[in-house]
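Asker: Got a sequence here, can you model it:
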Amino acid sequence: MRVLLQDIWPSLLSWILILALAVACGATVKSRVDDASITARVRAVLLNDPEVSAAGITVSTTSGVVTMSGVVRSAAEEARAIQLARGVAGVREVRSALQVQ
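Answerer: Numbers count the residues shown, from 1 in each chain. Coordinates of the predicted model:
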């Protein structure tokens with residue numbers, strides 16, 4: 001029995017490491033896909049809202065945290081963009097780097 005364990009232990013350990021890496025990589029890919037989906041949905045709600053000039057707003061998402069940057073016409077437009085982004089499923093936080101001009 002002891003000889004058998006010595007023979008299969010390196011192979012078993014290799015499979016455990018491969019499985020752990022696969023799970024970790026899968027989570028990373030899923031996170032990136034989710035972030036891209038959130039970004040697309042935020043852009044869509046901004047583009048479809050008549051109170052927001054979305055052409056001047058850039059949206060990025062990392063781990064569910066949405067960052068908006070660019071130029072808006074008023075503080076009210078900035079507040080509306082933030083409100084819309086917060087309403088998108090999967091958004092954990094909204095950070096604004098929008099500049100009012």
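Asker: How about the helix or strand encompassing Thr58, which residues are buried there?
Answerer: Here Thr58, judged by DSSP states H and E, is contained in strand 57-62. Neighbour counts over strand 57-62 (16 or more other CB atoms under 10 Å) mark Ile57, Val59, Thr61 as buried. Heads up, the C-betas are built off the backbone N, CA and C, glycines and all.
Asker: Neighbouring strands - and their directions - for that strand?
Answerer: Applying DSSP bridges to the sheet, strand 57-62 is found paired with strand 65-72 (antiparallel).
Asker: What lies in contact with the strand it pairs with?
Answerer: Residues outside strand 65-72 that contact it (CB atoms under 8 Å, 6 or more residues apart in numbering): 38-39, 42, 52-53, 56-61, 78, 81-82, 85, 88, 91-101.
Asker: Out of those, name the ones that lie in strands.
Answerer: Using DSSP state E, 57-61, 93-100 are the members of the contacts of strand 65-72 that sit in strands.
Asker: Quick one: those as TSV, columns for pLDDT too.
Answerer: Listed next are those as TSV, based on pLDDT from 0 to 100:
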residue	pLDDT
Ile57	94
Thr58	94
Val59	95
Ser60	96
Thr61	95
Glu93	97
Val94	98
Arg95	98
Ser96	97
Ala97	97
Leu98	97
Gln99	96
Val100	94
